[in-house]
Each structure stands twice: as structure tokens, then as C-alpha cells.
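> Provided below are the primary sequence and the corresponding predicted coordinates.
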Amino acid sequence: MEVVNARSALLSNFEVLNLLRELDADHIARTKTAIRVKKEEGAAGKNLHDTHTEEISENLRTVELEAIQYLSADYQPTLHQSDKSITQLVRGLQPFGLSKSEKLQIVNLAPTEPVELYVIVEELEDRLGNQMEDLLAVVTKSLHDRAPQPRHETITVPERKNTRSEIALEVYEEVEQETWEYDANQMEFDDTGEGAGVEGDLDVDDD
């Protein structure tokens, strides 16, 4: 494998969130299709197979869903951003002489207070001086009211009936739990004989 163009572009959190949502919607659509095909094959009496189901790492799906949940949280500025507003913000930051990484952080964090700029812009007071309020005004102007969020769709997988062996195992586990129930307060332990007084055994005899 060869990296042709390393980090050809910087992606904002808003762009990453949109990409993950597209991947999630595509995965749900493929899963629905696989379930429908499997039902049709079962109704037609054909041999069921998993050729229509694409294997996706469970860990990858977990990371994708947790990332979507984090980036779409109530405290994230992504809820108040759009493609147009981000483009407007980046253009509005041009006169302040910021680096690409600083612009990216401002887009991702959308600071609205001067104290927030100190952790984003290096040598803030020397570089911006009295322009901090102007920069914050540009950021605030780019944020709009919270847009309606797409509803996350779930897939209901048909319930699988337990086999006889699984039912027998469940019955055995229930019986085993009832058999081994005991009251710890009623049990007595004999701590006499060898090994009694462990703390004393650890004392070192004086020479």
C-alpha cells in the first residue's frame, strides 16, 4: 500500500459527522436489503445463505456510532453549522492571519468568548490585539439556530427461537442457581489448626 497524497485536505467535525451519517445510512440500507432477500429465499424454500450480507467489523460499527453520538451532542457547534456557514466562517477568518490548524480549531470549537481563543491561537494578544472581539463576532455570525437532526433508524432483526439444547441449558442453569443458594451468615468456618493466626506468622523473630 502506498500513500499517494498524505492529508490532502483537513476535515472539520461537521464534515466528518456528515460522512459518518452517510456511511451509517448506507449500512442500514444494505442490512435491510439482506434481511428482505433472506426472507424471500426462506419463503421460496431456497437454501439460505449469507452471500447478501456484507461482513462489517463490530468494533468499526461501534466507533462509528459513538463518533456520531459525540459529534452530534447538544454542546457541539455542529448542531448550529452548515456547509454554507462554514464556508462563510473560513472566508471571514482570512484577514486575521491564522494558520490552517488554527482555522480548523475555530471551526470545530466555534469559540464565543475571548478566553477560548487563548487555547486555540498562539501568541493571541501579540497577533490579534484588539481584533479578538471582531474574530468572535465572525464566529457568532456563522452560527445559526439548531437545525433539525436526522432521525436515527434502527433495524429489527427477527427473533431466533432457542433450540432444545439451549432450552435445556437454561433449565440446568436455573436449577443450579437454586441448588447453590445459601446464607453466608449461617456458615461457620473453623480457623483452628495449621495456618491459624496468619498475621503472627509474618512477624520476624528477633535475633
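Arrived safely. Numbering: from 1, shown residues only.
> Report how many residues lie close to residue 97.
Residue 97: 11 surrounding residues under other CB atoms under 10 Å. Every residue, glycine included, has its C-beta placed from N, CA and C.
> What's the local residue count around the closest residue to it other than its chain neighbours?
Distances taken as CB to CB, 6 or more residues apart in numbering put residue 127 closest to residue 97, at 6.8 Å, once the chain neighbours are dropped. Per other CB under 10 Å, the neighbour tally for residue 127 reads 14.
> any idea of the pLDDT on residue 127?
Predicted confidence (pLDDT) for residue 127: 91.
> And residue 91, by the same measure?
If you check residue 91, the pLDDT there is 93.
> Give me the contact list for stretch 82-93.
Residues outside stretch 82-93 that contact it (CB atoms under 8 Å, 6 or more residues apart in numbering): 12, 14, 103, 106-107, 135, 138-139, 141-144, 147.
> rerun at 10 Å
By CB atoms under 10 Å, 6 or more residues apart in numbering, the surrounding residues in contact with stretch 82-93 are 12, 14-15, 18, 77-78, 81, 98, 100, 102-104, 106-107, 110, 134-135, 137-139, 141-144, 147.
> Now, of these, which are buried?
12, 14-15, 77-78, 81, 98, 102-104, 106-107, 110, 135, 138-139, 142-143 (16 or more other CB atoms under 10 Å).
> Spell out which residues make up each domain of the chain.
9-76, 80-145 (the TED database).
> shaky segments in this protein?
1-8, 46-56, 145-207 (pLDDT under 70).
> quick revisit: among the buried ones among the contacts of stretch 82-93, which are in helices?
Among the buried ones among the contacts of stretch 82-93, DSSP state H puts 14-15, 102-104, 106-107, 135, 138-139, 142 in helices.
> Save these as a markdown table, and put in distance to residue 37 too.
Shown next, in a markdown table, are these (distance: CB to CB, whole Å):
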| residue | distance to residue 37 |
| --- | --- |
| 14 | 35 |
| 15 | 33 |
| 102 | 50 |
| 103 | 47 |
| 104 | 43 |
| 106 | 47 |
| 107 | 42 |
| 135 | 54 |
| 138 | 52 |
| 139 | 49 |
| 142 | 45 |
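> Can you say which two of the residues you listed are spatially most distant?
Greatest spatial distance in those: 15 and 135, 21.8 Å, computed using CB to CB.
> ok, which stretches of this protein are helices?
Assigned by DSSP H, the chain shows helices spanning 13-43, 58-71, 83-92, 100-109, 114-117, 124-127, 132-142, 164-179, 198-201.
> Please report how far residue 16 lies from residue 57.
19 Å (CB to CB, to the nearest Å).
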